[in-house]
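Participant: kindly generate the corresponding structure for this input.
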Amino acid sequence: MLVISSSVAIPDHEIEIQAIRSQGAGGQNVNKVSTAVHLRFDIHRSSLPKFYKDALVKLPDRRISSNGVITIKAQQYRTQERNREDALDRLRTLIQRAGIPRKRRKATAPTRSSQERRIEGKKRQGRLKALRRTVE
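Facilitator: Next comes the predicted model:
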């Protein structure tokens, strides 16, 4: 059971974890031991509340496919168990991040004094450039 918050948890049967061989350098250990972990989590088939599902699908994250499946590959550690824990932690963090409501942006206009300062700075710069010109 993966605990997301005090009221939200994901049962183990909804998370698919598969052991695979790691990539990259590591010598004989990498070539013969399946220590990396592929974690797959289907958002639409999960028991998450609708709020979390909608927020996860809208996230601009490359780990979330267009059909709503989260894929996380963990291969940082030398043991399968540590990689499994790492993948579950990353899934938990992703879901928790989606659960935080985003603040709505308030449209604001520049103040009159800031507009005047901007125009005055432009005029000052124009006068300075005019003084650099050759005198006829």
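Participant: can we go C-alpha only for contacts and neighbour counts from here?
Facilitator: Will do.
Participant: how much space between Val3 and Val37?
Facilitator: Distance of Val3 to Val37, computed by CA to CA, to the nearest Å: 20 Å.
Participant: before we move on, what about Pro101?
Facilitator: According to CA to CA, Pro101 stands 30 Å off from Val37.
Participant: tell me which of these two has more neighbours.
Facilitator: Using other CA atoms under 10 Å, the more surrounded residue of Pro101 and Val37 is Val37, with 26 against 9.
Participant: you'd agree that one is in a strand?
Facilitator: Yes: counting by DSSP: H, G, I helix; E, B strand; the rest coil, Val37 is found in a strand.
Participant: tell me where this structure has helices.
Facilitator: 28-32, 50-58, 80-99, 112-132 (DSSP state H).
Participant: where among those is the average confidence lowest?
Facilitator: Lowest mean pLDDT of those: helix 28-32, a mean of 74.
Participant: may I see the buried residues of stretch 51-60?
Facilitator: Tyr52, Lys53, Leu56, Val57 (16 or more other CA atoms under 10 Å).
Participant: spit out the contact partners of the third one.
Facilitator: In this case it means Leu56. Ile43, Ile95, Ala98 (CA atoms under 8 Å, 6 or more residues apart in numbering).
Participant: wait, the first one touches Ser65, no?
Facilitator: So that's Ile43. No: between Ile43 and Ser65 there is no contact under CA atoms under 8 Å: 10.1 Å.
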